[in-house]
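Colleague: below is the sequence, then the predicted model.
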Amino acid sequence: MRGGVDLHLSHRLERVHPGAGADRPPDTQSLPVAASLFITDIGVDWGRVMAMGSLIAIPPLIFTFIAARQIITGLTAGAVKG
């Protein structure tokens, strides 16, 4: 039963996003496409999916922490009327 569900999900992904980049060489795939390749007919490799999700989330978090002062200044300056 589980294999049938996973098989259905992988075929649905290909049907929704045909040619989304899964046929490209690994060094030219976007990160979300590369993460979706861990969903196979056998099952979902949740450890690798979560590791890839963490790696995808780290650069925006670092940018936000570095630019926090400028972001807050811009938000408060835009909130002042007049």
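Modeller: Thanks, I have it. If you're wondering where the values come from, they're calculated on a predicted model, not measured in any experiment.

Colleague: tell me the buried residues in the longest helix along the chain?
Modeller: For the chain, the helix that runs over the most residues, judged by DSSP state H, is helix 46-66. By 16 or more other Cβ atoms under 10 Å, the buried positions in helix 46-66 come out as Met52. Every C-beta, even on glycine, is put in place using the N, C-alpha and C of the backbone.

Colleague: that helix - contacts with which helices or strands?
Modeller: Counting contacts by 3 or more Cβ pairs under 8 Å, 6 or more residues apart in numbering; DSSP states H and E, helix 46-66 packs against helix 31-36.

Colleague: pLDDT of the helix it packs on, averaged?
Modeller: Average pLDDT, helix 31-36: 81.

Colleague: name the residues of it that are buried.
Modeller: 33-36.

Colleague: could you export it as PDB, CA atoms only?
Modeller: C-alpha atoms of helix 31-36 as PDB (Å, rounded to 0.1, in the frame of the first residue of the first chain):
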ATOM      1  CA  LEU A  31      17.500  23.400  -5.100                       C
ATOM      2  CA  PRO A  32      13.700  22.600  -4.900                       C
ATOM      3  CA  VAL A  33      13.900  20.300  -7.900                       C
ATOM      4  CA  ALA A  34      16.900  18.600  -6.400                       C
ATOM      5  CA  ALA A  35      15.000  18.100  -3.100                       C
ATOM      6  CA  SER A  36      12.000  16.600  -4.900                       C
END
